[in-house]
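**Q** Make a model of this:
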Amino acid sequence: MQLVFLMRPYIKTMFACAFCVVLVNAAELAKPLVAAFIIDDFLVDRNTQSGLYSILGMGAVYFTITLAGALLFLAQVRLTARVSQLILAGMRNEVFKKILLMPMKTLDKFGTGRLITRATNDVETINEFYSDVFINLFKDIFLLAGIVVTMLALDARLALAAFTGVPVILAITMSVKKLLTNNFRKMKTIISQINGFFAENMGGMRIVQAFNRQAQKLGEFRVLNAAYFITTKTQVLLNTFLRPTMEVVNTLVIALLVVYGYRRIGGDTLSIGVLYAFTHYIKQFFEPINDLAEKYTTVQSALVSTERIYEILDEDDTEDPGAGTHGGQVRGDVEFRDVWFAYDEGIWVLKGVSFRVKAGQKAAIVGATGVGKSTIINLIARYYTAQKGDILIDGVSVAEWRLHDLRRGVATVLQDVFLFSGNLEENIDMYAGLDTEEIEAALETACAGFIAEQGGVRSAVTEQGLNFSTGQRQLLSFARAIAHTPGVLVLDEATAHIDTVTEEMVTESIERVSAGRTSIIIAHRLSTIRACNVIFVLKDGMVAEQGTHDGLIAQGGIYRRMLA
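**A** Here you go, the predicted model:
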């Protein structure tokens, strides 16, 4: 029903298609009747021919009907193709829009491979349905109905004999249906795993090669590929079983009609022309059934793909960037009040974390790996939502902030930088409408003078920015953050991949841009946080120590031992 529901906005066009189909099928039904008329009146009864009432006249009528049917069918195909492509274009837009509005928790739940499969493979499967099956679906259904009515009108007993093959076809189709559906679901699951495997390993290819894991990764892929091969082979076997079976049933029914009809012709209760028309109709009757049987796998695949796509579209957990009761510019006062957070239920990453960073202060968060430093960053910009406690920005809960304003006011520079294909200006601007002068000023502040040698702000950026060094990408990410003049600047191990000389330049630029702006730094290089107003030391998901660099040294606790 979802496939039909998608056509609702184009109901007028679909009615036009249906009208064309009725006329096309009327033409198809009329041709055997014209042929039967010629056989009975002129070849058997030898009636006198005159004008249109002649073999030549009936031939002209037959040609006219055929030409009109062909033109109408062309119109129907064009209209249906237009509707189907509009549906698919809209579906692609809706799927990608939905993914863009999903919170990180939901994106984590689905996974990259599953989302890619739904946005590409599943939509393409529905495209195959509309372009290959649906175009002929109306025609086949109306043709079957018309043939049944015409056959019953010509000779009810002969029609009933012809319909003896229908229960056999239904029984075969229903027996295969469950196998097809289960196989398609399994196939879609495996292709999702393959897409995820490709995405993961293409992104981590340098690591794979660095540790000489090519053979192992190839082995893992072969397992997935073999599983997919088995499902596709099953699909082909089921598909090839249906078509020949339908052909056998078709032939047996025609043979039955010939035997039964011959006996009645001998008894003078059936004309040769009507028997000819019946043999033609029975071929027409089984042709769309055979076609539907052959395309049944495509229909089942489309139904499964539609379910999977609507699993995305029906997802309730989405973000509205404009929702919220508070907006405006972020000044930069950040406060955590007894915050508890877990990615997986019951496994707490943060346990009652409380601290405050006043607007304009420079704060650092340090601690061993896995204590929750990056989690705090994710919670500030509400990429995830805390299960307990509250997080305040400028005295207002992040739950009340409009996401658009909150995230515009909190800029994050991550350790792993992602650049989009295009040019540098697009990657710094991010469609915010910044002037070229503003972008160049941000690049200068970030000590990214190297771009002058590569063509300036119009320099090309390849996939993931791999035409720049790791350190250069870090500097570009820093420029992207400060170009939007955020109230809170977050540096998550932002100097991890920068050499000592560059680090000195970046440290100097940080001092300039952080004036009057809240800065929160996560760093393992403790030399970069000595000048911070306050340092928070995390241990086991809690704030174990806090104070200035000198104050913490004097305490002789965890921070002092970290410097040792």
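**Q** Could you grab the helix/strand/coil label for the residue positioned nearest the centre of the chain?
**A** Centroid-nearest residue in the chain, with CA atoms, centre = their mean: residue 119, separated by 1.6 Å. With DSSP: H, G, I helix; E, B strand; the rest coil as the basis, residue 119 sits in helix.
**Q** Excluding chain neighbours, what is closest to it?
**A** The shortest distance from residue 119 to any non-neighbouring residue, by CB to CB, 6 or more residues apart in numbering, is to residue 95 (5.0 Å). No exception for glycine: its C-beta is placed from N, CA and C like everyone else's.
**Q** could you pull out the strands for the chain?
**A** Per DSSP state E, the chain carries strands over the ranges 334-341, 350-357, 362-367, 388-393, 396-397, 410-413, 422-423, 460-461, 488-492, 518-522, 534-539, 542-547.
**Q** got a list of contacts for the last one?
**A** Residues lying outside strand 542-547 but in contact with it, judged by CB atoms under 8 Å, 6 or more residues apart in numbering, are 350-355, 367, 534-538, 552, 555, 557-559.
**Q** Would you mind listing the buried residues in that strand?
**A** For strand 542-547, a neighbour-count test (16 or more other CB atoms under 10 Å) marks 542, 543, 545, 546, 547 as buried.
**Q** which secondary structure elements does the longest helix seen in the chain contact?
**A** Determined from DSSP state H, the single longest helix within the chain is helix 214-266. Using 3 or more CB pairs under 8 Å, 6 or more residues apart in numbering; DSSP states H and E, the elements in contact with helix 214-266 are helix 156-162, helix 165-203, helix 272-313.
**Q** As a markdown table, the ones you listed with distance to residue 6 and mean neighbour count would be great.
**A** A markdown table is the format used below for the helices and strands packed on helix 214-266 (distance: least, CB to CB, whole Å; neighbours: other CB atoms under 10 Å):
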| stretch | distance to residue 6 | mean neighbour count |
| --- | --- | --- |
| helix 156-162 | 36 | 17 |
| helix 165-203 | 19 | 16 |
| helix 272-313 | 8 | 20 |
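**Q** quick one: which of the ones you listed is nearest residue 75?
**A** Nearest to residue 75, of all these, is helix 272-313, at 19.4 Å by CB to CB.
**Q** What average pLDDT does that closest one get?
**A** On average, the pLDDT along helix 272-313 is 76.
**Q** Which segments of this structure make up each domain?
**A** Structurally, the chain divides into domains by automatic domain parsing as follows: 2-313, 334-563.
**Q** Neighbours of the closest residue in space to residue 51 that isn't next to it in sequence, how many?
**A** Nearest residue to residue 51, sequence neighbours excluded (CB to CB, 6+ apart): residue 57, at 6.0 Å. Residues lying near residue 57 (other CB atoms under 10 Å) number 14.
**Q** is it true that residue 57 touches residue 42?
**A** No: when contacts are counted by CB atoms under 8 Å, residue 57 is not listed as touching residue 42 (10.3 Å).
**Q** what residues are shared contacts of those two?
**A** Residues touching both residue 57 and residue 42 by CB under 8 Å, 6+ apart: residue 49.
**Q** Adding pLDDT, write the buried residues of strand 542-547 out as JSON lines.
**A** Shown next, in JSON lines, are the buried residues of strand 542-547 (pLDDT from 0 to 100):
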{"residue": "542", "pLDDT": "94"}
{"residue": "543", "pLDDT": "94"}
{"residue": "545", "pLDDT": "93"}
{"residue": "546", "pLDDT": "94"}
{"residue": "547", "pLDDT": "93"}
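**Q** The closest residue to residue 42 other than its chain neighbours: neighbour count?
**A** Leaving aside its chain neighbours, residue 42 sits nearest to residue 55 (5.4 Å; criterion: CB to CB, 6+ apart). Neighbourhood size, residue 55 [other CB under 10 Å]: 12.
**Q** Also residue 485?
**A** Residues near residue 485, counting by other CB under 10 Å, number 16.
**Q** tell me the phi and psi of it?
**A** Dihedral pair for residue 485: phi 40, psi 60, per degrees, to the nearest 10.
**Q** so where is the stretch 51-200 of the chain shaky, pLDDT-wise?
**A** Residue ranges of the stretch 51-200 of the chain with pLDDT under 70: 131-132, 135, 138.
**Q** switch the cut-off to 50
**A** Across the stretch 51-200 of the chain, nothing is flagged by pLDDT under 50.
**Q** picking up where we left off before, check the gap between the residue nearest to the centre of the chain and residue 99 for me.
**A** 7 Å (CB to CB, to the nearest Å).
**Q** Equivalent analysis for residue 328, please.
**A** Counting by CB to CB, the gap from residue 328 to residue 99 is 28 Å.
**Q** more crowded one of those two?
**A** residue 99 (18 against 11).
**Q** Can you tell me how far the nearest residue to the more buried one once chain neighbours are set aside is from residue 95?
**A** Excluding its sequence neighbours, the residue lying closest to residue 99 (CB to CB, 6+ apart) is residue 115, at 5.8 Å. In this structure, residue 115 and residue 95 are 9 Å apart, going by CB to CB.
**Q** same question, residue 152
**A** Distance from residue 152 to residue 95, by CB to CB: 46 Å.
**Q** what's the answer for residue 490, then?
**A** Residue 490 is 31 Å from residue 95, by CB to CB.
**Q** mind checking pLDDT for residue 329?
**A** 90.
**Q** now residue 41
**A** pLDDT at residue 41 comes out at 79.
**Q** Could you dump the domains of the chain into TSV and include distance to residue 321?
**A** Shown next, in TSV, are the domains of the chain (distance: least, CB to CB, whole Å):
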stretch	distance to residue 321
domain 2-313	8
domain 334-563	4
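**Q** Among these, which comes closest to residue 323?
**A** That would be domain 334-563 among the domains of the chain, by CB to CB, at 6.7 Å.
**Q** Wait, residue 507 touches residue 530, no?
**A** No: using CB under 8 Å, residue 507 makes no contact with residue 530, being 10.2 Å away.
**Q** Can you pick out the residue with more neighbours from the two?
**A** Applying other CB under 10 Å to residue 507 and residue 530 shows that residue 507 carries more neighbours, namely 15 against 12.
**Q** And that one, how close does it get to residue 444?
**A** In terms of CB to CB, residue 507 sits 16 Å off from residue 444.
**Q** Kindly report the same for residue 197.
**A** Counting by CB to CB - residue 197 and residue 444 are separated by 42 Å.
**Q** re earlier: identify whichever of the strands of the chain lies nearest to residue 298.
**A** Closest to residue 298 of the strands of the chain, according to CB to CB: strand 422-423, at 37.5 Å.
**Q** on that earlier part again, with neighbour numbers in mind, choose between residue 490 and residue 95.
**A** residue 490 (25 against 20).
**Q** Skipping its backbone neighbours, what lies nearest the more buried one in space?
**A** residue 412 (4.4 Å).
**Q** The one you found - how many residues pack around it?
**A** Count around residue 412 with other CB under 10 Å applied: 21.
**Q** Contacts only, for it.
**A** 377, 381, 481, 490, 492.
**Q** Tell me the most packed of these, by neighbour count.
**A** residue 490 (25 neighbours).
**Q** from what I can see that residue touches residue 411, true?
**A** Yes: under the criterion of CB under 8 Å, residue 490 makes contact with residue 411 at 6.8 Å.
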